[in-house]
Each structure stands twice: as C-alpha cells, then as structure tokens.
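K.L.:
mind looking at a prediction? Sequence and model below.
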Amino acid sequence: MLERLNQALDHLEACLDQEIDMAEVARIAAVSEHHFRRLFSALAGMPFPVYLRRRRMTLAGAEVLAGERTLLDVAVRYGYGSGEAFARAFRSVHGIGPGEARLKGAVLTSQPRMSFRVVVEGSTTMRYRIVEKESFRFVGRKARVPLVHEGVNAAAAAHVESLDEQAVVRMKGLADGEPEGVLSAVVHLTDSREEGAEVDYWVGVATGPEAVAEEFDALDVPAGTWAVFDNHGPYPSALQELWRDVFTQWFPSNPYGTRPGPELLRTQPVEIGAETDSQLWIPVERVSGRAGA
C-alpha cells in the first residue's frame, strides 16, 4: 500500500506545473479519491491541498529567485490565472510576496518532497474485529473543538465537564445496542487530520434509528461496516497512539478504507495517566485492488 502511495506522489511531482487530475492520482494509489485524501492527511499530518500548494510554491520560489521568468510567467506555470492569486499563495507559504522575494537576501520556505515508509518502533499489538451494523441514531451533546494529537484536549475536556449528571443519566437510559454505554464521537468536517483542524465532538449514546430525545442533539448514522479496536493503556496517550496506529499501520496493511461517519470511542473516565480499557469504532469499507480484497 505504501508503495502505491509513493507511486502516486511520484506522479504528482511530475505534474506540479500542470493541472492535477486527482482521479488519476487516486487510481495510481489504488484507493478512492476520498480515501486518498483522508489517508494522506493521517500519514502526512497535513491536508493534501496544503502539501500540493507548498510543493508548488517551493518550486515557484526557486524560479522567482532565479529571475529568468517574469512573475506572471511563473504564476501561470504553476496554475494561477492572475498575479494576485499567485502572490497570495506565495505569501501563505513563504511569508513574503514574490516581488519581495527577488530582493537580495530573501529567505524562503521549502517543503521537502514527501515519501512514506514503515518505521517500526517497539512492538504494537492491535486487536480488532469487523462488525456489520444496522443504521442507528447517536444522541447526545456536541461541541466544535480542535484536534489535539498529544496530551489533553482542553476544549473536549471542557465539553465533558459541562454535562450535568442528570443529562448523563438520561443519555444512559436511551442507550440501545453496540457500542454500549456513554460514548464520545468525532465527526471530521473536512479531510484534514492535522493538529488544530476543527471537528464536531459528541458525548452521547447509540440508540435505535427512530429514538426521540428532543433535549439532545441527534446524528443519524447509516448502516455499514465498522472496524472495532480494543485498547488498554494510560489515558489519553494510549488512545491517541491507537488512533495514529490505525491510520498509519492498520489501514495500509488491510483491504479497507475509511468511509464517512463518526469515529466512536468507549472508555471509562479516569485520571490523566491512569490505565483504562477502551474500544474504538472506525467506519470502514472494503477496498478493491488491495491485498486480501
């Protein structure tokens, strides 16, 4: 899988001065375009469009400094129809405009060409099962919070603290089916999984598809396939490492891709650093053209 992703990145490098055909990039990677974007973001730590812009502006920066082409020629070469649009993109990467960059002593930013490889550090055992689940409704309270890859997510913790005990008791009374009990759920608003990207963070329960609870927010989840991972370790670091390992190790090694839907987590509230058992549910789908598919 990583070999196919690297082949897709090789193709991308050859087309940086052309219009990018995302369908072709995804075809080379042997995944859907949607899954390519999500997988790239998880592995690279940045959205694919950000990487593409940074790579283009890295090459454009070198041409701007060389001074052999006009700024407009450089802009057109890298897909910008106007000098203003090119200048905005250039400034977003380098911190200065292209005209300023031609001044003596300008300092630019370089985005290295990316490639993926497997790095084994210690040993990680991932226990999982595949579950076919009927449609259900997730009922609870939601808040918009930023993603935090390491350490405590203060915004998510504040949302949990804002729930009164009576609300939690009423949620528990609505729970029906797997995963059991009070859960947290993350709904990604974009394909980005980089630090700080906004997500909808839910605390609630899985209920029947027609459950009614007007006092709570509700999210209808269609029927589909789920990969379920069991985990034990210190809170929250073990969970954050599990999320990382699912996307950097499990997906590249198995014939599944992500599909739209909430990522569900069942865990017992504990003190920071205390050991806890957890269960992570990720919505997945079989991917053709992959080993075992």
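P.N.:
In hand now; what should we look at? Please read these numbers as outputs of a predicted model, since none were measured by experiment. Residues are numbered from 1 along each chain as shown.
K.L.:
am I right that Leu264 is in a strand?
P.N.:
Yes - assessed by DSSP: H, G, I helix; E, B strand; the rest coil, Leu264 belongs to a strand.
K.L.:
ramachandran angles for the closest residue to it other than its chain neighbours?
P.N.:
Counting by CB to CB, 6 or more residues apart in numbering, Trp281 is the residue found nearest to Leu264 once chain neighbours are left out, at 3.9 Å. Any C-beta I mention is one placed from the backbone N, CA and C, and that applies to glycine too. Trp281 has phi and psi values of phi -110, psi 120 when expressed as degrees, to the nearest 10.
K.L.:
my read: Trp281 touches Trp226, true?
P.N.:
Yes - counting by CB atoms under 8 Å, Trp281 touches Trp226, with 5.0 Å between them.
K.L.:
what sits in contact with each of those two?
P.N.:
Val131 (CB atoms under 8 Å, 6 or more residues apart in numbering).
K.L.:
residues near the residue nearest to Leu264, how many?
P.N.:
22 (other CB atoms under 10 Å).
K.L.:
which ones are touching it?
P.N.:
Trp281 neighbours (CB under 8 Å, 6+ apart): Val131, Pro179, Trp226, Ala227, Val228, Glu263, Leu264, Leu265, Arg266.
K.L.:
now the fifth one: how far from Arg55?
P.N.:
Here Val228 is placed at a distance of 37 Å from Arg55 (CB to CB, to the nearest Å).
K.L.:
can you show me the CA trace of stretch 194-211 as PDB?
P.N.:
Only the C-alpha atoms of stretch 194-211 are listed here, as PDB (Å, rounded to 0.1, in the frame of the first residue of the first chain):
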ATOM      1  CA  GLU A 194      -3.700  17.900  11.100                       C
ATOM      2  CA  GLU A 195      -3.300  19.400  14.600                       C
ATOM      3  CA  GLY A 196      -5.900  22.200  15.200                       C
ATOM      4  CA  ALA A 197      -8.400  21.100  12.500                       C
ATOM      5  CA  GLU A 198     -11.900  21.600  13.700                       C
ATOM      6  CA  VAL A 199     -14.200  18.600  14.400                       C
ATOM      7  CA  ASP A 200     -17.600  18.000  16.000                       C
ATOM      8  CA  TYR A 201     -17.000  16.300  19.300                       C
ATOM      9  CA  TRP A 202     -20.000  14.400  20.700                       C
ATOM     10  CA  VAL A 203     -20.800  12.900  24.000                       C
ATOM     11  CA  GLY A 204     -23.800  10.600  23.900                       C
ATOM     12  CA  VAL A 205     -25.100   7.100  23.300                       C
ATOM     13  CA  ALA A 206     -26.000   4.800  20.400                       C
ATOM     14  CA  THR A 207     -29.800   4.300  20.100                       C
ATOM     15  CA  GLY A 208     -32.400   2.900  17.800                       C
ATOM     16  CA  PRO A 209     -32.800   4.700  14.400                       C
ATOM     17  CA  GLU A 210     -36.200   6.200  15.500                       C
ATOM     18  CA  ALA A 211     -35.300   7.200  19.000                       C
END
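K.L.:
I'd say Thr248 and Ala44 touch.
P.N.:
No - in this structure, Thr248 is not within contact of Ala44 by CB under 8 Å, at 10.2 Å.
K.L.:
can you give me phi and psi for Glu165?
P.N.:
When read as degrees, to the nearest 10, the backbone of Glu165 gives phi -60, psi -40.
K.L.:
nearest to Gly196, of the contacts of Trp281?
P.N.:
Of all those, Glu263 has the smallest distance to Gly196: 17.6 Å, by CB to CB.
K.L.:
flag the shaky bits of the stretch 151-293 of the chain, pLDDT-wise.
P.N.:
In the predicted model, the stretch 151-293 of the chain carries pLDDT under 70 at residues 253, 269-271, 288-293.
K.L.:
all the helices of it, residue numbers only.
P.N.:
Using DSSP state H, counting those that start in this stretch, the helices assigned to the stretch 151-293 of the chain run over residues 154-161, 165-174, 237-245, 251-253.
K.L.:
out of those helices, which gets nearest to Gly140?
P.N.:
helix 165-174 (5.9 Å).
K.L.:
and the closest one, what's buried?
P.N.:
Of the residues in helix 165-174, those buried under the neighbour-count criterion (16 or more other CB atoms under 10 Å) are Ala167, Val168, Met171, Leu174.
K.L.:
quickly find the element holding the nearest residue to the first one once chain neighbours are set aside.
P.N.:
Excluding the flanking residues, the one nearest Ala167 by CB to CB, 6+ apart is Arg141, at 7.2 Å. According to DSSP states H and E, Arg141 maps onto strand 136-146.
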